[in-house]
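# Quick one, what's the 3D model for this:
(2 chains)
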Number of protein chains: 2
Amino acid sequence: MGPRTLTLGLHMQQVAIGIDLGGTQVRAALVDEQGRILARLAEPTDALAGPDRVLAQICGLTDRLLAASNPASVVGVGVSAPGPLDTVAGIATDIPTLSGFVDFPLKAELQKRFPFSVDLENDAIAAAIGEWQFGIGKGLDNLVYVTVSTGIGGGVISDGRVVRGRKGMAAHVGHMSVVPNGEPCPCGNRGCFEAYGSGPAFARRAQMRAMESRETTLGGAIDSRSVFAAARNGDRLANQLIDEEAEILGRGFTSLIHIFSPDIIVMGGGLSHEFDRLQPGIQAYISQWAMPAFKDVKVMLAALDQNSGLIGAAALAFLAEDVARP
Amino acid sequence: MGPRTLTLGLHMQQVAIGIDLGGTQVRAALVDEQGRILARLAEPTDALAGPDRVLAQICGLTDRLLAASNPASVVGVGVSAPGPLDTVAGIATDIPTLSGFVDFPLKAELQKRFPFSVDLENDAIAAAIGEWQFGIGKGLDNLVYVTVSTGIGGGVISDGRVVRGRKGMAAHVGHMSVVPNGEPCPCGNRGCFEAYGSGPAFARRAQMRAMESRETTLGGAIDSRSVFAAARNGDRLANQLIDEEAEILGRGFTSLIHIFSPDIIVMGGGLSHEFDRLQPGIQAYISQWAMPAFKDVKVMLAALDQNSGLIGAAALAFLAEDVARP
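Numbering: from 1, shown residues only, chains lettered A, B, ... in the order given. You can find the predicted model right below:
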């Protein structure tokens, strides 16, 4: 290839548009083939206004991004949204945090509004794709991404492919049962991993135990952050609560290691901001209790932080492009 | 194509050799492209004699099969063996039921002995492949096969592909934790699905509860079979124990439904011989407690019974053939 081809290649840099539709924020980004965010915009989701308004928000953000950066070539738009999404049919079955998204043909409605091809993905799967293509899992063929936040969600890459399953709804790992008839879970069942390992579950345990204890500095409105802060100041109960949380996560991750045999577990979500404090306990559980062939599997921190899903959504467009042009 | 080609096609019927290497029996079969067993032989595994002797058994059975039926074209040999097998490297890491199979290069040693290409698969994954290609899961893209027997094992097909994971060791579904620090499991951990749902776990519960009860006909050496027999004769405790077993399986299967989003769950193994009695309780759990989008997933009985793994092993050879000749 001569210099002319090379120059043309640079001009024709391909970008994808990633959209992360959440209950709180709509975020849009232009992402290049190396997973770098070239430009990003966000605004509060008008969550009660219904699909028309939310779709207008998505289009508005995208138009502003494109107007500002004027990319040479857009390969497509990838949209990440809270599940359960039937990504095979392109239907939002029910998005609890967004009014009116019940059996809503999200993909078709998006496609109507964009001149680019549209891909749709469940948010935690999109985040897994982001970490796999451009984050801590780059180059690996097998990973389980777990977001530990308000809930627990997941996405799985196995044998170099995204595990999607029927309706594209695989990897609802927060809803594996860990305690028969245990704590109530927002899903309606009891005893789910989410009901024990999520941020709110951790904070609830801290509130209960702080009330029973006389020797803790924990008190008032306790959330995850305050427990970690107290632990750093030497509070014994806070440290104990964190060790228990690490054990709960370690046990759940060990189940997932046996179930998927990943190269690594990637932890994202709000609680992963305290990864350094949680990691030794999680890893100790895996090393002690996983079956011999799985003891060396490492838990690692998501590298793209709150952008895993946004970058993963854009990566969808690049992946679809690869498949379309073999 | 003229009649001559057609005749030639019939003469050239392709068969695969399936081997099911178990701790009790070595079984070998010639299987055609429709998954039909054309000929089958078995003998007790010389489990304490070491790999050389066991490999000689496999070759002996295969030679006798081929001599008796003289097939026109053998596409390959598929071997199913108890895990954990590193099927990527072709290594038997440790087969507890067979002496000497520790870090043993099983695939290479088999390949030395056969003029056909050899494929190796973990036994429950082989069974899943059998049910997917030729059994109850034929034509489906997503299924989770669970064998409930002396232990609990699994194999998963997702998006029309076998889920293998790192070292090919995915789907050890019997070792997801269902009760924190619960009953001891043969794997060394506590509280695994296998420690609650397997045949021996069920029988142990029956023994304990029969001792505490004055109103049961259960007594003496209780095994799974005697509990089902007593239940059929109207024994109340026996029926209660079976309902509890169905709930344990239903809860575990619901976790797997959330984790993999399969079209169906396929149940095999010893306890599946009582599928008709267990199915309503399992299905009721799924319908009640799975998240809305998953409530309609059905649990179905394996169609190939004890031959799932044998036929699945043979299917490996056909699948490998498909990949080799696109």
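
# Please count neighbours and contacts with C-alpha atoms only from this point.
Fine.

# Quick check: residues of the stretch 51-200 of chain A near chain B?
Counting by C-alpha under 8 Å from any C-alpha of the partner chain, the residues of the stretch 51-200 of chain A close to chain B are A:84, A:93, A:141-142, A:158-159, A:163-173, A:175-180, A:187-189.

# The host helix or strand of A:Leu65 - what's its average pLDDT?
Following DSSP states H and E, one finds A:Leu65 within helix A:51-69. For helix A:51-69, the mean per-residue pLDDT is 95.

# And that helix, what's buried?
A:51, A:54-55, A:57-59, A:61-62, A:65 (16 or more other C-alpha atoms under 10 Å in any protein chain shown).

# what lines up beside the helix or strand just after it in the sheet?
The first helix or strand that comes after helix A:51-69 along the chain, using DSSP H and E, is strand A:73-81. Strand A:73-81 pairs in its sheet with strand A:14-21 (parallel), strand A:118-122 (parallel), by DSSP bridges.

# quick one: the longest one to helix A:51-69, angle?
By that I understand strand A:14-21. 150 degrees (axes from the mean of the first three to the mean of the last three C-alpha atoms, to 10 degrees).

# one step back: just checking, what packs against the helix holding A:Leu65?
strand A:25-32, strand A:37-44 (3 or more C-alpha pairs under 8 Å, 6 or more residues apart in numbering or on different chains; DSSP states H and E).

# Relative to chain B, which of the ones you listed is closest?
Of all these, it is strand A:25-32 that lies closest to chain B, at 24.9 Å by C-alpha to the nearest C-alpha.

# Need the mean per-residue confidence for that closest one.
Mean per-residue pLDDT for strand A:25-32: 96.

# low-scoring stretches of the stretch 101-250 of chain A, by residue?
Counting by pLDDT under 70, the stretch 101-250 of chain A has no low-confidence residues at all.

# May I see the domains of chain A written out as residue ranges?
Following the assignment in automatic domain parsing, chain A carries domains at A:7-123+A:307-324, A:136-302.

# ok now the shortest one, how far from the chain's centre?
The one in question is domain A:7-123+A:307-324. Computed by C-alpha atoms, centre = their mean, to the nearest Å, the chain-centroid distance of domain A:7-123+A:307-324 equals 15 Å.

# ok so, going back, quick check: which of the helices and strands packed on helix A:51-69 is buried the most?
With neighbours defined as mean count of other C-alpha atoms under 10 Å in any protein chain shown, these peak in mean count at strand A:25-32, which reaches a mean of 24.

# Is A:Ile37 bridged to anything, and to what?
Beta-bridge pairing of A:Ile37 under DSSP bridges involves A:Val31.

# Need the pLDDT of it.
Per-residue confidence (pLDDT) for A:Ile37: 96.

# Please report the distance of it from A:Gly270.
21 Å (C-alpha to C-alpha, to the nearest Å).

# now swap in A:Leu304 and tell me
Distance from A:Leu304 to A:Gly270, by C-alpha to C-alpha: 13 Å.

# picking that back up, so which of the residues of the stretch 51-200 of chain A next to chain B sit within strands?
A:93, A:158 (DSSP state E).

# Please check the residues of the stretch 51-200 of chain A next to chain B and keep the buried ones.
For those, buried by 16+ other C-alpha under 10 Å: A:84, A:93, A:141-142, A:158-159, A:163-173, A:175-180, A:189.

# what's A:Arg209 sitting at in phi/psi?
With angles defined as degrees, to the nearest 10, A:Arg209 sits at phi -70, psi -30.

# ok so, going back, right, and the domains of chain A - which one's nearest B:Gly76?
B:Gly76 sits nearest to domain A:136-302 of all the domains of chain A, at 23.1 Å, using C-alpha to C-alpha.

# Might you report the residue contacts of the closest residue to A:Thr87 other than its chain neighbours?
Leaving aside its sequence neighbours, A:Thr87 sits nearest to A:Gly168 (C-alpha to C-alpha, 6 or more residues apart in numbering or on different chains; 5.1 Å). Contacts for A:Gly168 (C-alpha atoms under 8 Å, 6 or more residues apart in numbering or on different chains) come out as A:85-88, A:122, B:261.

# can I get the residues you listed in CSV with neighbour count and distance to B:Val26?
Converted to CSV, those look like this (neighbours: other C-alpha atoms under 10 Å in any protein chain shown; distance: C-alpha to C-alpha, whole Å):
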residue, neighbour count, distance to B:Val26
A:Leu85, 27, 46
A:Asp86, 23, 44
A:Thr87, 22, 44
A:Val88, 15, 42
A:Asn122, 28, 45
B:Ser261, 28, 34
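
# OK, contacts around A:Ile125?
A:Ile125 sits next to A:145, A:154-156, A:162, A:171, A:309 when contact means C-alpha under 8 Å, 6+ apart.

# Nearest to chain B among those?
The closest of the contacts of A:Ile125 to chain B turns out to be A:Ala171 (C-alpha to the nearest C-alpha; 4.4 Å).

# Find the nearest non-adjacent residue to the closest one, please.
According to C-alpha to C-alpha, 6+ apart, the nearest residue to A:Ala171 is B:Ile259 (4.4 Å).

# between the helix or strand hosting that neighbour and helix A:236-260, how many degrees?
Using DSSP H and E, the element containing B:Ile259 is helix B:236-260. Relative orientation of helix B:236-260 versus helix A:236-260 (the same axes, to 10 degrees): 90 degrees.

# Point me to the residue of the stretch 1-150 of chain A nearest chain B.
A:Asn142 (5.9 Å).

# Distance of that residue relative to A:Ala127?
Counting by C-alpha to C-alpha, the gap from A:Asn142 to A:Ala127 is 14 Å.

# A:Val299 is in what secondary structure piece?
With DSSP H and E as criterion, A:Val299 is part of strand A:298-301.

# ok, how many other residues are close to A:Gln34?
For A:Gln34, the neighbour count with other C-alpha atoms under 10 Å in any protein chain shown is 10.

# dump the residue contacts of it.
With contacts defined as C-alpha under 8 Å, 6+ apart, A:Gln34 is in contact with A:Phe134.

# A helix includes it, no?
No. Assigned with DSSP: H, G, I helix; E, B strand; the rest coil, A:Gln34 falls outside any helix and is coil.

# phi, psi of it?
phi -90, psi 10.

# can you check A:Leu218 too?
phi -70, psi 140.

# The residue lying closest to it once chain neighbours are set aside and chain B, how far apart?
Nearest non-adjacent residue to A:Leu218, counting by C-alpha to C-alpha, 6+ apart: A:Ala210, 6.0 Å away. Relative to chain B, A:Ala210 is positioned 23 Å away (C-alpha to the nearest C-alpha, to the nearest Å).

# what about A:Ala210, distance to A:Asp235?
To A:Asp235, A:Ala210 is 11 Å away according to C-alpha to C-alpha.

# Many thanks, have a good one.
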